[in-house]
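J.: Structure for this input, please:
(2 chains)
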Amino acid sequence: MIASLTLLCVAAAIVTMGPRLHAASWTRQAPRLGIFTWQAMTVSAVVTVVLAGVTLLIPMTALAGDLGAIVHACAVSVATAYGSSVFLPGKLLGALLAGVVPAWVTVCGARVLMSSWWSRRQLHRSLSLVTEPDAALGVVVIDATAPAAFCVPGRTGQIVITQGALDCLSPPELEGVLAHELAHLRGRHNAAVALSQILAQAFPRVRLFKVATQETRELIELLADDAAVRRVDRVSLASAIVSLAEMKAPRAAMAMAQDAAALRVSRLLEPGPPMEPWRYRIAASGALAVVVVPLLIAGYPALCAAISDLCNIP
Amino acid sequence: MRPFGELEAAIMRELWERGEPATVRDVLASLSVSRKLAYTTVMTVMDNLHRKGQLTREMNGRAWLYRPVRSRAEHAAALLQDVLAESDDRQEVLMHFVADLDSDSVAQLRSAVEAARRRAEQDRGGAG
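T.: Numbers count the residues shown, from 1 in each chain, chains lettered A, B, ... in the order given. Prediction:
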């Protein structure tokens, strides 16, 4: 009972405090660790709730197997260690958290993955009619004058660039754009987006998941920029961002997109110092703790019961 | 925009490559090089494309002459616009290099980039 309650408190803490990471600036210095931390918090929030349900149910499952007196005694001691609720509401809540939550996440996951697979397939088919592969660049070129570049991830992932973009970008700018898109494909950045998307769709009321999705989207762009500046100089990449933005027909743009692009450009032009190693280590341990602590809380009573005399199976 | 079906795509490609109006029989002759197709199949699909507004046709003697409403480049431009418009919150489908910006912020960013470029060139000049 105590373990279950503690786990529920931990989950509540992650869900309420998690979105505050949005204000931290270190995620922009270390985008990979930032993405990992957001993913750790969202996954852990769900896993912790499920674990709370499992610990509520433990006596029922442990006592179900009638495998002799020793095992029985062991099971009783495990059940006592968890101090699990013998009341029906506790069992019901346990079944709800341990059964319904994973099932719902699975359903939403299948829905998100299927729909993005389908959209990508449609997109590949539409594009194949109006694009020509350019083997030298490793891209497909779409016969359009508007300058644009994007990539379609997946098993048959490809980088798509318009003829207009090829015409207006300088060679280093072009190389920067391609390196950026290649980093998206190689790094499977879409998987991080999809994971946060699944949880955001499964639990639309939970703000943490919405913030995590938005942050993940922004951070994968920074991560891809970081990969690109290993190949080209920072000013060329920044210039490519502006070139592709300014050649487009002006449209009502969202404030969020403005900020994201401005952040990318200023980060390329005035790179801050890298994150200090000690701060990096603290942040990384924090992210790990978010994952490990709930597992420890859930496992601790079992561990205690296991090392008690009753469970010393000869 | 829904993608063309497989045969629809082959027909559109054929008509774009020809660059001139063609009858069902012309298209059938070209497509039959690589596969076996019935005249009625091609006729039905081309008729569908006409109904969907992708092809126009005019009577020439006893046969319809078909021609794409939009050129390949026009189709590409329309597709691109469609794809990018709905891409902004579907990054798992498509990751766009840079989202839409309004002209003010683009101008601001451009001047920042040019300033940085001048600084970099001065540094290089100073070093060299």
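J.: could you give me the average pLDDT of stretch A:24-31?
T.: In this model, stretch A:24-31 has a mean pLDDT of 88.
J.: Pull out the buried residues from that stretch.
T.: By neighbour count on 16 or more other Cβ atoms under 10 Å in any protein chain shown, the buried set for stretch A:24-31 is A:Trp26, A:Thr27, A:Arg28, A:Gln29, A:Ala30, A:Pro31. Any C-beta I mention is one placed from the backbone N, CA and C, and that applies to glycine too.
J.: quick one: what helix or strand has A:Glu132 in it?
T.: strand A:131-134 (DSSP states H and E).
J.: I would like the residues contacting the helix or strand just after that strand, please.
T.: Downstream of strand A:131-134, the next assigned helix or strand under DSSP H and E is strand A:139-142. Defining contact as Cβ atoms under 8 Å, 6 or more residues apart in numbering or on different chains, one finds that strand A:139-142 is touched by A:127, A:130-134, A:158-163, A:166, A:178, B:76, B:79-80.
J.: Surely A:Ile161 is in a strand?
T.: Yes. Checked against DSSP: H, G, I helix; E, B strand; the rest coil, A:Ile161 lies within a strand.
J.: Report how many residues lie close to it.
T.: Neighbour count of A:Ile161, defined by other Cβ atoms under 10 Å in any protein chain shown: 27.
J.: In this structure it contacts A:Val177, no?
T.: Yes. Counting by Cβ atoms under 8 Å, A:Ile161 does reach A:Val177; the two are 7.2 Å apart.
J.: quick one: common contacting residues for those two?
T.: Contacts common to A:Ile161 and A:Val177, judged by Cβ under 8 Å, 6+ apart, are A:Ala149.
J.: circling back to that earlier point, just the buried ones among the contacts of strand A:139-142, please.
T.: So, by 16+ other Cβ under 10 Å, the buried ones in those are A:127, A:130-131, A:158-163, A:166, A:178, B:76, B:79-80.
J.: Identify the farthest-apart pair in those.
T.: Largest separation among those by Cβ to Cβ: A:Leu178 and B:Leu79, giving 21.3 Å.
J.: elements contacting the longest helix seen in chain A?
T.: Longest helix of chain A, by residue count under DSSP state H: helix A:31-64. Secondary-structure packing of helix A:31-64 (3 or more Cβ pairs under 8 Å, 6 or more residues apart in numbering or on different chains; DSSP states H and E): helix A:2-17, helix A:26-29, helix A:69-82, helix A:88-95, helix A:101-130, helix A:189-202, helix A:207-228, helix A:277-307.
J.: Minimum distance to B:Arg13: which of those helices has it?
T.: For B:Arg13, the closest of these is helix A:101-130, at 6.4 Å, according to Cβ to Cβ.
J.: if I pick A:Arg188, what's in contact with it?
T.: Contacts of A:Arg188 (Cβ under 8 Å, 6+ apart): A:Pro153.
J.: can I assume B:Glu92 sits in a strand?
T.: No. If the criterion is three-state DSSP, then B:Glu92 is coil and not within a strand.
J.: need the contact list for it.
T.: Residues near B:Glu92 by Cβ under 8 Å, 6+ apart: A:Val112, A:Ser116, A:Pro153, A:Asn190, A:Val193, A:Ala194, A:Gln197.
J.: Return the per-residue confidence for the second one.
T.: Per-residue confidence at A:Ser116 stands at 88 (pLDDT).
J.: same thing with the fifth one?
T.: Confidence at A:Val193, expressed as pLDDT, is 90.
J.: State the distance from it to B:Gln91.
T.: According to Cβ to Cβ, to the nearest Å, A:Val193 stands 5 Å off from B:Gln91.
J.: any residues in contact with both of the two?
T.: With Cβ under 8 Å, 6+ apart as the test, A:Val193 and B:Gln91 both reach A:Arg217, A:Ile220.
J.: hey, which helix or strand in chain A has the poorest pLDDT?
T.: Ranking every helix and strand in chain A by mean pLDDT, DSSP states H and E puts helix A:69-82 at the bottom, with a mean of 59.
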